[in-house]
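Peer 1: here is my input; please provide its structure:
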Amino acid sequence: MVPSCSYGDPQHYEAQQEKDLETTLDWYAEYDVLRPLLHKHLQYSDSILVGYRGITCVDFCSKVLQAWRKRSADAGHTSLRYQHADIVTGLAFEHCPYNVIIDKGTLDCVLCRQTGEEDAQQALTVIDNNLKNPGTFVMVVSLSA
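Peer 2: Next up is the predicted model:
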């Protein structure tokens, strides 16, 4: 598969201006849009999202993580954890099971790489290794006509 864009490369995001990055941090859908789906499938004791505890945000672009840290601090959300990692090469907390994992655009970006299909399979393995059994995996993807 030959990528048609550079979304799978962290340098794509590193090159963006901070003001442009700020407007795209809620990849695909803001929390208010996803809330009904999430509340249907998640428990407050689960480790995720707003109002929940044990939230870890992962991104392969340090500039995105910096923007998220600033945004969270400005909003008073100080309990969020952030990790700079590539889902394909693994996470520092391998085999540390989460009740819930939410992917908002990660696999879309992975599929844009030269080795997208293989990388997507590896990313799903990493997700599976980090998801409790039973657990919930929510994947939000782009949709084009």
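Peer 1: show me where the chain has helices.
Peer 2: Taking DSSP state H as the criterion, the chain carries its helices at 10-14, 18-22, 31-41, 62-74, 106-110, 116-129.
Peer 1: ranking these by burial, who's on top?
Peer 2: Of the helices of the chain, the one with the most neighbours on average (mean count of other CB atoms under 10 Å) is helix 106-110, at a mean of 23. (Glycine included, C-beta is placed from N, CA and C.)
Peer 1: which residues are in contact with that helix?
Peer 2: Here helix 106-110 makes contact (CB atoms under 8 Å, 6 or more residues apart in numbering) with 7, 8, 87, 88, 116, 119, 120, 123, 124, 139, 141, 142.
Peer 1: follow-up on the earlier one: just put the helices of the chain in a markdown table and tack on distance to residue 100 and mean pLDDT.
Peer 2: Shown next, in a markdown table, are those (distance: least, CB to CB, whole Å; pLDDT from 0 to 100):
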| stretch | distance to residue 100 | mean pLDDT |
| --- | --- | --- |
| helix 10-14 | 25 | 70 |
| helix 18-22 | 26 | 61 |
| helix 31-41 | 8 | 79 |
| helix 62-74 | 18 | 84 |
| helix 106-110 | 14 | 87 |
| helix 116-129 | 11 | 92 |
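Peer 1: now render these as TSV, adding distance to residue 81.
Peer 2: Shown next, in TSV, are those (distance: least, CB to CB, whole Å):
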stretch	distance to residue 81
helix 10-14	20
helix 18-22	20
helix 31-41	18
helix 62-74	10
helix 106-110	17
helix 116-129	17
